[in-house]
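Asker: have a look at this prediction, sequence included:
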Amino acid sequence: MRLAADLNNMRWKIRPEEVLLEVGRPFGSKTGLQKITEVDFYTVMLSQDFGLKGNCENCIFSQSFGLRSGRGSITSCNSLLPSPVFTTVGIYKGSRVAIKKISKKKVDINKKLLWEIKQVRDVTHENTVRFLGACIECPTVLILTEYCPKGSLKDVLENEAIQLDWNFRMSLIHDVVKGMNYLHGSEVSVHGKLRSCNCLIDGRFVLKISDFGLTTLTTPTEAIKDTNYYLKLLWVAPELLPLTIIPGSPATQKGDVYSFGIILEEIILRGGPFQAARQFLDSQVVGRTDCPEDLLDLMERCWSDNPEERPTFEAIRGTVRCIMKGYCENLMDDLLRRMEQYANNLEALVEEKTDQLSQEKRRSEELLYQVLPRPVAQQLMSGEMVQPEQFESVTVYFSDIVGFTALCTKSTPMQVVDFLNDLYSTFDRIIGFYDVYKVETIGDAYMVVSGLPERNGDEHAKEIGLMALRILDAVHSFTIKHKPENQLKLRIGIHSGPVCAGVVGQRMPHYCLFGDTVNTASRMESTGQPLKIHISDATKDILDKFGTFKLELRGEVELKGKGFLTTHWLLGCSAPDPRPSTPALPSAQEVQDVNPYPLIYMGN
Ligand SMILES: Nc1nc2c(ncn2[C@@H]2O[C@H](COP(=O)(O)OP(=O)(O)OP(=O)(O)O)[C@@H](O)[C@H]2O)c(=O)[nH]1
Ligand SMILES: [Mg+2]
């Protein structure tokens, strides 16, 4: 009577709308929840937390820092934590659950199925994964189980960053044995798919056996013979191999013991199944590990070709308990040890990520310093408003290439870009030695200012004057690569006076100068002459204070909208300029080394 009631108890049945899927987004954004009915199930394979590496046929969202090929239990050869892995995760009745999707066109609720469901529902052991329910509304066939956030044994073993001492290994082995011994004694009685990826690690670092029972529900109508299918055969006992041609997993208790032998080898050598055979083909290699002798002996008995020679899990439990003496005798110590091991790995991970973060921060700061003056960028980064500011006296430099339009008509766009890039790279290197700020380049025009955002007394005129002389020097020896016979002709104009400066725009913030001084400087350039530095009276007055600049009166020049102004040519400076002479063009390699933004072309 009770059995019949148990069988007919349909509380395990779950409707699709009761399950919310966690839909992950790429790193940095939040996980969202959606009803199963609202999303294509195959697009929600989710990788969680951090430190993952992996790949999965169905995974599209990965927060991983790179993917590794191969399917199955997926993580982290190099990642630092055996963090949760690719499995579908959802929320059911407020708790996080692992969801296994079964491809089935039809499910009959018959006695066999109900019996199998009752069997797995009755499985309650610390080392077995809890069955929570199933959804059998075709085509949505799902099995919901307890979610194990730390991934599978396979993930832990493959993660080189995790050091596994013998205490830890013995606890993992002990957990497998306890779980399997319980299962063999339960109604389920046999596993059939015991593999390291079906041994999961829960949040308290306890290993739990998963994917047992439910044969009717999980057996596909047709076996798909892909790589994964053949990989799984590595855990199948030789006497069962012929049976694997039909769909489903052949299962016997002796077969499970054989699979356990393979898992033991995985734990001992951390190299996957048949590692010993693959690498050395003689048993000595195993002998060379620091593994307890008795454990090696147990492993060999478990994978014995003759099923009769394999011990039962009951016997294995006894053997493992004996070997365990000397290892993690105290449960609390054992747990603490496991926690410590994980914490150490976590520390390393945090350190690595912090380092990456500060590198990223530095890169974005550098990028900002390239588009805004450093003090202004720093103000913006600290969240301060950058107020427009009036500067009583600054010196503004403009230069322009004479005949640029004509040159463009005789060159390809690529040649023009290359040429401007060469030229501006040369200018940029020169101005780096002076207390100036490059405001912008507009086509062939180059605009520089000194005296802001940090005031420098009268130095601005001197800095710009010396810089202009250096630039002119460089222009004399500059070769236009695609027109080497042409002498580059630059017109330079300089003027000093008050300006207002501030950050304009929010999307592409720009530090701009406003005021008549800017217009006058620009007019000084346009009314200048090729290969000459044309300066205003105002700039001359400041330069005269230094007594070292050689100037020549040009005379009265009409400036559009300003009438006639007296202007001068700057010819040189008698005091030696302490700044290094024009550096040669850097090599392509040097450019690569200094350019942290590969998308910004820095020329050759
Ligand atoms: N982190 C985590 N991973 C899980 C959980 N359940 C399953 N996985 C992993 O998800 C992947 C897919 O699991 P399954 O669908 O069971 O496939 P499988 O284990 O390769 O094959 P089966 O033998 O058929 O179970 C495997 O790598 C499992 O290790 C879980 O609760 N937590
Ligand atoms: Mg599995």
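Answerer: Noted; the coordinates are in hand. Numbering: from 1, shown residues only. Ligands and ions are numbered 1, 2, ... in the order given.

Asker: show me the shaky parts of the stretch 1-150 of the chain.
Answerer: 1, 23-32, 36-86 (pLDDT under 70).

Asker: mind running it again at 90?
Answerer: 1-11, 16-90, 93-95, 101-111, 136-141, 149-150 (pLDDT under 90).

Asker: mind listing the helices for it?
Answerer: When secondary structure is read from DSSP state H, counting those that start in this stretch, the stretch 1-150 of the chain shows helices at 2-8, 111-121.

Asker: other residues contacting the last one?
Answerer: The one in question is helix 111-121. 6-9, 12, 107, 131, 134, 186-188, 212-217 (CB atoms under 8 Å, 6 or more residues apart in numbering). From N, CA and C alone the C-beta is placed, and that goes for glycine too.

Asker: among the residues you listed, name the ones in strands.
Answerer: F131, A134 (DSSP state E).

Asker: just the buried residues of the contacts of helix 111-121.
Answerer: W12, V107, F131, A134, S186, V188, F212, G213, L214, T215, T216, L217 (16 or more other CB atoms under 10 Å).

Asker: isn't the third one up against H125?
Answerer: No. With contact defined as CB atoms under 8 Å, F131 does not count as touching H125 (11.9 Å).

Asker: count the residues that sit near E22.
Answerer: 19 (other CB atoms under 10 Å).

Asker: quick check: bridge partners of it?
Answerer: Note on E22: beta-bridge partners by DSSP bridges are L33.

Asker: that one against V97, yeah?
Answerer: No. Between E22 and V97 there is no contact under CB under 8 Å: 10.0 Å.

Asker: what sits in contact with each of these two?
Answerer: By the contact definition CB under 8 Å, 6+ apart, E22 and V97 are jointly contacted by V89, G90, I91.

Asker: among the residues you listed, which are in strands?
Answerer: Short answer: those in strands (DSSP E) are V89, G90, I91.

Asker: filter the residues you listed to the buried ones?
Answerer: V89, G90.

Asker: which one of the ones in strands among the shared contacts of E22 and V97 is nearest ligand 2?
Answerer: V89 (14.2 Å; CB to the ion).

Asker: what about the closest one, distance to T218?
Answerer: As judged by CB to CB, to the nearest Å, V89 and T218 stand 19 Å apart.

Asker: spell out which parts of this protein neighbour ligand 2.
Answerer: N198, D211 (CB under 5 Å from the ion).

Asker: mind checking the longest strand of the chain?
Answerer: strand 490-504.

Asker: may I see the buried residues of that strand?
Answerer: Applying a neighbour-count criterion of 16+ other CB under 10 Å, one finds L490, R491, I492, G493, I494, H495, S496, G497, V499, A501, G502, V503 buried in strand 490-504.

Asker: repeat for stretch 115-132
Answerer: Neighbour-count burial for stretch 115-132, counted by 16+ other CB under 10 Å, picks out 116-121, 123, 125, 127-132.

Asker: any idea how far apart the tips of that stretch sit?
Answerer: The straight-line separation of the ends of stretch 115-132 (CA to CA, to the nearest Å) is 16 Å.

Asker: what do you get for stretch 468-486?
Answerer: 21 Å.

Asker: how far away from the center of its chain is it?
Answerer: Distance, stretch centre to chain centre, for stretch 468-486: 44 Å (CA atoms, centre = their mean, to the nearest Å).

Asker: helix or strand for whatever residue of the stretch 351-500 of the chain ends up closest to ligand 1, which one?
Answerer: Evaluated by CB to the nearest ligand atom, the stretch 351-500 of the chain has K353 as its residue closest to ligand 1, separated by 20.2 Å. Assessed by DSSP states H and E, K353 sits inside helix 331-371.

Asker: list the helices and strands that helix packs on?
Answerer: With contacts taken as 3 or more CB pairs under 8 Å, 6 or more residues apart in numbering; DSSP states H and E, helix 331-371 sits against helix 166-185, helix 374-381.

Asker: next, F398: secondary structure please.
Answerer: Secondary structure for F398, judged by DSSP: H, G, I helix; E, B strand; the rest coil, is strand.

Asker: which non-adjacent residue is nearest it?
Answerer: In this structure, F398 finds its nearest non-sequential neighbour in E525, 3.8 Å apart by CB to CB, 6 or more residues apart in numbering.

Asker: go on, W12?
Answerer: Nearest one to W12, counting by CB to CB, 6+ apart, is G133 at 4.5 Å.

Asker: what does K540 give?
Answerer: Ranked by CB to CB, 6+ apart and with sequence neighbours excluded, the top spatial neighbour of K540 is H568, at 5.0 Å.

Asker: okay then, goodbye and thanks.
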